[in-house]
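S.K.: I would like the atomic coordinates for the input below:
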Amino acid sequence: MPRRLACLVILLSSLARAQELPKSFSVVVTDNKGNRVSTLQRDDFEAVTRSVKHAITAFSGTGSTAAMPRRIAVVFDVTSATLSTRSNSVDALRDFLGKSLRPGDRVVILTAGQTLTPLSPWTADRAEIESALQRARTSASQSLAGDRAAAEKRIRELINDIQQTPNTFQNFDTLLEAVRAYASVVYRDTRQSIGLLAAATDLFPARGSRNALVVIGAGLSARAGADLFQYLDTIKSQAERGQLGPALRGGAARSSPMSESSAFDLTPILHDFAMEARRKGVAIYALDPEMSESASSHVESVSMLDRNAAFSAVANRSDGYQMMADDTGGLAFLARRPSEALAEMQSDLDAFYSVTVQPSIPLTAKDSIQLRAKSGYKVRMTPGSAPLTPDDEVRGRVVAHHLLKPDTNDLGISLQAGEPVPDGEKRRVPLKVMIPIKNLKFEQNGDEVTGAFTVYITTGDRLGRASKVNKQTQQLRWPAAALSAAGDRQLTFAVDVVLEPGLNQISVGVLDDRSHATGYDRVSI
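M.R.: Below you'll find the model as predicted:
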């Protein structure tokens, strides 16, 4: 290839990469008193990345964005939210939803414990919402293994045992190992809670709505066991001074409880979850109405209670909620009445700007667009509903449909499952996916027509457990006359689906590769 032509090809490739797709954002602006500002115009904003300005190509204020439908998912954390918190939150939600829901809005109510449990479908039906709220109010609380009060009690018992046992082989390292064990359990439980919230974000549609996830609970640890490591650090100081006896003095000097706590840091996992929610266009609003009642306030004895540990417990409890809200453009409401928190959230939903930005430079994975209000107001922003590829969208929805029944089926597909056949510990299910031929798009090519569709299949259960998504693409090439004669007939895609032990649902999505129309259905075995 001639040198000048090669340079031209490279230049054209660079220009193609520079043509970034437009980015859309939902933006809330507040003044220094926290009041929403809804009177700004396009020229009052600027968009920048690394000091490089981007063009704002589309802009609308609250007057024209008011018609945008909203999707609101409410998750009650039944492992941490007290019955009092849930009761007060249900009363506030009933009032909030009664005042704020508009035509086109949809709500889903869920509880998160050992699993994520939908109490309603996506709905605007007042009776369905009321029934779900009442079930959330009365749902049984679920305990996780990481009991802070029990862990501190165990530390005191170990100290007492070591002090009273002559020639014991136990020392300060014994206490440290007990705190490590507690932190490991909290780390596991918190990761599970984050995973359930991630599953809740999968329930949102991919496009065309203002999405809000409301989390009601008693906080989420950013560093598992940090308060107990802080508590142990105070004990270390006492042990080094000989106040707890010679056995506990052993190992105390070389121990570093606060350094140990870094091994249980959940901050990267929280940020990753929040960034994925942001990518899906979901703003998180987290409510901890009883934050002041920290775990440290419930211990049986306060004789050894460390003020630093008490402060660490409260701060650590709030950090997770604050991170999720900050990273997604939502808000964290700590130690505030649910009615006040939901009133502020309603202001966000009612008074926001829609801003579309055309990047003027290629953006790397680490780059972000920052919107600033020239007047110096505070700006919170959530990306518009994620521009997912059709493949990503169908993959996410077939998994989400294990929790919620499909609510759209543009292709009109249906499923027929045969009798399961034992296959060792598994079951093999013959499945037929029926697709109305008239709903598929074909392209004329002489005397033939061509088309294609992709079938996505995942197995799971109503608790949200799901297998990996398997997909198969089917190419179609028919005589044009055969298509004309098809009428209302259906095309059948047959496949054997293997169910792992304990799974009893098959969720299917079909994507028309030509029109990108989709169809969804689910069958229980």
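S.K.: low pLDDT regions in the chain?
M.R.: Where the chain drops to pLDDT under 70, the residues are 1-20, 62-67, 144-146, 206-208, 292-315, 384-388.
S.K.: Could you chop it up by domain?
M.R.: For the chain, the structural domains run 18-61+352-383, 143-336, 390-524, going by automatic domain parsing.
S.K.: Reformat the ones you listed into JSON lines and put distance to Leu93 and mean neighbour count next to each item.
M.R.: For every residue, glycine as well, the C-beta is placed using N, CA and C. Shown next, in JSON lines, are those (distance: least, C-beta to C-beta, whole Å; neighbours: other C-beta atoms under 10 Å):
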{"stretch": "domain 18-61+352-383", "distance to Leu93": "21", "mean neighbour count": "15"}
{"stretch": "domain 143-336", "distance to Leu93": "8", "mean neighbour count": "19"}
{"stretch": "domain 390-524", "distance to Leu93": "19", "mean neighbour count": "17"}
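S.K.: Switch those over to CSV; also include distance to Ala124.
M.R.: Formatted as CSV, the domains of the chain follow (distance: least, C-beta to C-beta, whole Å):
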stretch, distance to Ala124
domain 18-61+352-383, 20
domain 143-336, 13
domain 390-524, 12
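S.K.: Using PDB, list the CA coordinates for stretch 133-145.
M.R.: The C-alpha trace of stretch 133-145 is given here as PDB (Å, rounded to 0.1, in the frame of the first residue of the first chain):
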ATOM      1  CA  LEU A 133     -46.400  -2.700  51.000                       C
ATOM      2  CA  GLN A 134     -48.300  -4.500  53.600                       C
ATOM      3  CA  ARG A 135     -46.400  -7.700  52.900                       C
ATOM      4  CA  ALA A 136     -43.100  -5.700  53.300                       C
ATOM      5  CA  ARG A 137     -44.400  -4.300  56.600                       C
ATOM      6  CA  THR A 138     -45.000  -7.800  58.000                       C
ATOM      7  CA  SER A 139     -42.300  -9.900  56.400                       C
ATOM      8  CA  ALA A 140     -40.300 -11.800  58.900                       C
ATOM      9  CA  SER A 141     -36.900 -10.400  59.800                       C
ATOM     10  CA  GLN A 142     -34.000 -12.500  58.700                       C
ATOM     11  CA  SER A 143     -30.700 -12.600  60.700                       C
ATOM     12  CA  LEU A 144     -27.300 -12.900  59.100                       C
ATOM     13  CA  ALA A 145     -24.400 -14.700  60.800                       C
END
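S.K.: Touching it from outside, list them.
M.R.: 74, 76, 78-79, 82-83, 86-87, 90, 93-94, 109, 111, 113-114, 119, 185, 188-189 (C-beta atoms under 8 Å, 6 or more residues apart in numbering).
S.K.: roughly how far apart are Met345 and Ile216?
M.R.: In this structure, Met345 and Ile216 are 12 Å apart, going by C-beta to C-beta, to the nearest Å.
S.K.: ditto for Glu290
M.R.: 11 Å.
S.K.: what distance separates stretch 132-141 from the middle of the whole chain?
M.R.: Distance of stretch 132-141 from its chain centroid, counting by C-alpha atoms, centre = their mean, to the nearest Å, is 21 Å.
S.K.: buried ones in it?
M.R.: Ala132, Leu133, Arg135, Ala136, Arg137, Ser139 (16 or more other C-beta atoms under 10 Å).
S.K.: wait, is Phe229 part of a strand?
M.R.: No: Phe229 is assigned helix when assessed by DSSP: H, G, I helix; E, B strand; the rest coil, not a strand.
S.K.: Okay, the closest residue to it other than its chain neighbours and Val455: tell me how far apart.
M.R.: Distances taken as C-beta to C-beta, 6 or more residues apart in numbering put Ser261 closest to Phe229, at 4.0 Å, once the chain neighbours are dropped. Using C-beta to C-beta, Ser261 is found at 48 Å from Val455.
S.K.: do Ala124 as well
M.R.: Ala124 is 31 Å from Val455, by C-beta to C-beta.
S.K.: Then Asp105?
M.R.: To Val455, Asp105 is 32 Å away according to C-beta to C-beta.
S.K.: Check Leu196 too.
M.R.: To Val455, Leu196 is 28 Å away according to C-beta to C-beta.
S.K.: for the closest residue in space to Arg489 that isn't next to it in sequence, what are its contacts?
M.R.: Nearest non-adjacent residue to Arg489, counting by C-beta to C-beta, 6+ apart: Ile437, 5.7 Å away. By C-beta under 8 Å, 6+ apart, the contact list for Ile437 reads Leu483, Ala486, Arg489, Gln490, Leu491.
S.K.: before we move on, could you check phi and psi at Ile437?
M.R.: For Ile437, the backbone dihedrals (degrees, to the nearest 10) come out as phi -60, psi -40.
S.K.: what residues are up against Ser100?
M.R.: By C-beta under 8 Å, 6+ apart, Ser100 lies in contact with Gln346, Leu349, Asp350.
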